[in-house]
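Asks: Fold the following and give me the result.
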Amino acid sequence: MSHNNPFGAKGWTPTQLGSLLGKTYLITGANAGAGFQASRILLSKGAKVIMLNRNPEKSSSAIAKLKQEFSSEADVSFIKLDLAELQSVRGAAKIILETVTNIDALICNGAIAQIAKQEFTKDGFESQLGVNHYGHFLLCGLLFNKIEASKGRIVVVASEGYKMGLKTIQFNDMNWDKNYHPNKTYCHSKLAQMMFAYELQNKIAAANKHVEVYVCHPGASNTSLINEKVNLFTRASWSMMVKLGLVQTAEQGAYPEVMCATEQSIAQRAYYGPSGRWNWVGPVGECKLESFATDASVLSKLWTVSEQQTAFNWEL
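Replies: Numbers count the residues shown, from 1 in each chain. Alright, predicted model coming up:
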């Protein structure tokens, strides 16, 4: 459950947004689900949105829908980026650095979840850790100086799943070769994302840099995250939850990441999202952050491992 919500009984909603004219937001995984809805909300306030997606056809379709809704003048575009390929991340970052003037927020929204059978990225990482953590770690590192020059933000979209599974990082078997489990391995990847964010906060403070980093979760939202790569039992269970009304809309799932990308009055060393029943639904506000997610020794070791695995020396 949440702490006292500074945004009132209804929590944070997009009605609290003012004009975002002149602001630029980059969003990974933005052609569907919460990422698409976040794009809608930001565009509705006059922002520029750059989608970072791996599928050109779906991206073109998403952009067409947005331009149909808002007008042909809506400032939304697409850069191809596949978080499962570090070379693709580097290529996309190069284009961004060459063509994007400022980055007010990079929203690390893209993710895969609960893959039934162990899969690997092109670089040999367990797929959920590779996409959810390593891909975003490298992207944030490559764009960090541009974000700092803009006095911008990094928003990490985590998951309530971080509380499940091992509740730490499995350094002796990062690919889960010995104990692969669809849900526990997913939870491991989302915990890694959170720990990256909190260690980045530490490093930014120590280096006196000017980037804000926020962590949020979407709750239980009706998106495309549970797809054909998820086992049948999980898909059936999720479908039943949707039918019973136990989950919220993808638009509501986008509220926390939009809030973290725009709101001025929130703390960084925190964790935001729906704060109602089981943190699945309800008013968006600050949620309890479990202490193991900020374990200093694990944070530091994960950072070192992440630099090694992505072959990126992040100088702050």
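Asks: tell me the secondary structure for the residue lying closest to residue 21 once chain neighbours are set aside?
Replies: Distances taken as Cβ to Cβ, 6 or more residues apart in numbering put residue 46 closest to residue 21, at 3.8 Å, once the chain neighbours are dropped. Quick note: C-beta positions are derived from backbone N, CA and C, even for glycine. Following DSSP: H, G, I helix; E, B strand; the rest coil, residue 46 is assigned to coil.
Asks: mind starting the numbering at 26 from now?
Replies: That works, and once the first residue is 26, the last one we named lands at residue 71.
Asks: Surely residue 71 is in contact with residue 43?
Replies: No - under the criterion of Cβ atoms under 8 Å, residue 71 is not in contact with residue 43, lying 9.6 Å apart.
Asks: which of these two has more neighbours?
Replies: Ranked by neighbour count (other Cβ atoms under 10 Å), residue 71 and residue 43 place residue 71 first, with 16 against 8.
Asks: Which parts of the stretch 26-175 of the chain are helices?
Replies: Remark: helices assigned in the stretch 26-175 of the chain by DSSP state H, counting those that start in this stretch are 58-69, 81-95, 111-124, 152-154, 160-174.
Asks: My error: substitute the stretch 226-341 of the chain in the last question.
Replies: Under DSSP H, counting those that start in this stretch, the stretch 226-341 of the chain gives helices at 257-268, 275-287, 321-335.
Asks: Give me the buried positions along the longest one.
Replies: Going back to what we said before, that points to helix 321-335. 323, 324, 327, 328, 331, 334, 335 (16 or more other Cβ atoms under 10 Å).
Asks: Same list (the residues you listed) but as CSV, adding distance to residue 228 and pLDDT.
Replies: Output for the buried residues of helix 321-335, formatted as CSV (distance: Cβ to Cβ, whole Å; pLDDT from 0 to 100):
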residue, distance to residue 228, pLDDT
323, 15, 98
324, 10, 98
327, 12, 98
328, 8, 98
331, 12, 98
334, 18, 98
335, 16, 98
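Asks: from the residues you listed, which is closest to residue 308?
Replies: The closest of the buried residues of helix 321-335 to residue 308 turns out to be residue 324 (Cβ to Cβ; 29.3 Å).
Asks: what about that closest one, distance to residue 109?
Replies: With distances taken as Cβ to Cβ, to the nearest Å, residue 324 is found 24 Å from residue 109.
Asks: hmm, back to that, identify whichever of the helices of the stretch 26-175 of the chain lies nearest to residue 311.
Replies: Residue 311 sits nearest to helix 58-69 of all the helices of the stretch 26-175 of the chain, at 18.9 Å, using Cβ to Cβ.
Asks: what does that closest one rub up against?
Replies: Helix 58-69 is contacted from outside by 39, 42, 45, 48, 50, 52-55, 74, 76, 87, 91, 94-95, 99-101, 132, 134-135, 182, 243, 246, 248-250, 274-276, 278-280, 282-283, 286-287, using Cβ atoms under 8 Å, 6 or more residues apart in numbering.
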